[in-house]
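Q: Provided below are the primary sequence and the corresponding predicted coordinates.
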Amino acid sequence: MQIRISWPAGNTTATLDADTPTAQALAKALPLTSSAHTWGEEVYFGTGISVSRETDARQVVEPGTVAFWTDGDALALPYGPTPISRGEECRLASPCNVLGSMDGDAAILATVRDGDPIRVELIDE
């Protein structure tokens, strides 16, 4: 399953594992618009959906991971260290459900500004 994430300065695509309960819930909610927040080198935004933390949820992930932060009902897109990272790792605020990964260089997320409108849509296959 592929999604497109767009904001005023750019856009990117991501490939998600369609078999996870969180990805299925997200797909049903698309398209969605939200307001971006930044936290160190992470962009996150509310989705309006609420899901349970999955058994394989992780707090430390690779740059470009598409994660769902169950504590905030938000998508979390880390591209570098956050304020609680140790070294260069991407450490999320708490364990998150991992949905997939961004296609291409996640550093494009550095162009997202706090408060930017964000749109997420399903890419028709």
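A: All right, it came through fine. Residues are numbered from 1 along each chain as shown.
Q: what's the burial count for the spatially closest residue to Ser6 that is not a sequence neighbour?
A: Closest residue to Ser6 in three dimensions, ignoring its sequence neighbours and counting by C-beta to C-beta, 6 or more residues apart in numbering: Arg119, at 4.7 Å. Any C-beta I mention is one placed from the backbone N, CA and C, and that applies to glycine too. Using other C-beta atoms under 10 Å, Arg119 is surrounded by 14 other residues.
Q: give me the helices and strands touching the helix or strand Val43 falls within, please.
A: Using DSSP states H and E, Val43 sits within strand 42-46. For strand 42-46, the contact count by 3 or more C-beta pairs under 8 Å, 6 or more residues apart in numbering; DSSP states H and E identifies strand 32-35, strand 37-38, strand 74-78 as packing neighbours.
Q: after the longest strand seen in the chain, next one along is what?
A: Assignment by DSSP state E gives strand 90-102 as the longest strand of the chain. Following strand 90-102 in sequence order, the next helix or strand is strand 117-122 (DSSP H and E).
Q: buried residues in that next one?
A: Using 16 or more other C-beta atoms under 10 Å as the test for burial, strand 117-122 gives 118, 120, 122.
Q: got phi/psi on Gln24?
A: Note on Gln24: its backbone torsions stand at phi -70, psi -40 [degrees, to the nearest 10].
Q: is it true that it touches Ala18?
A: Yes. Assessed by C-beta atoms under 8 Å, Gln24 is found in contact with Ala18 at 7.0 Å.
Q: any chance of the helices and strands packed on strand 42-46 in a markdown table with distance to Ser6 as columns?
A: A markdown table is the format used below for the helices and strands packed on strand 42-46 (distance: least, C-beta to C-beta, whole Å):
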| stretch | distance to Ser6 |
| --- | --- |
| strand 32-35 | 9 |
| strand 37-38 | 16 |
| strand 74-78 | 13 |
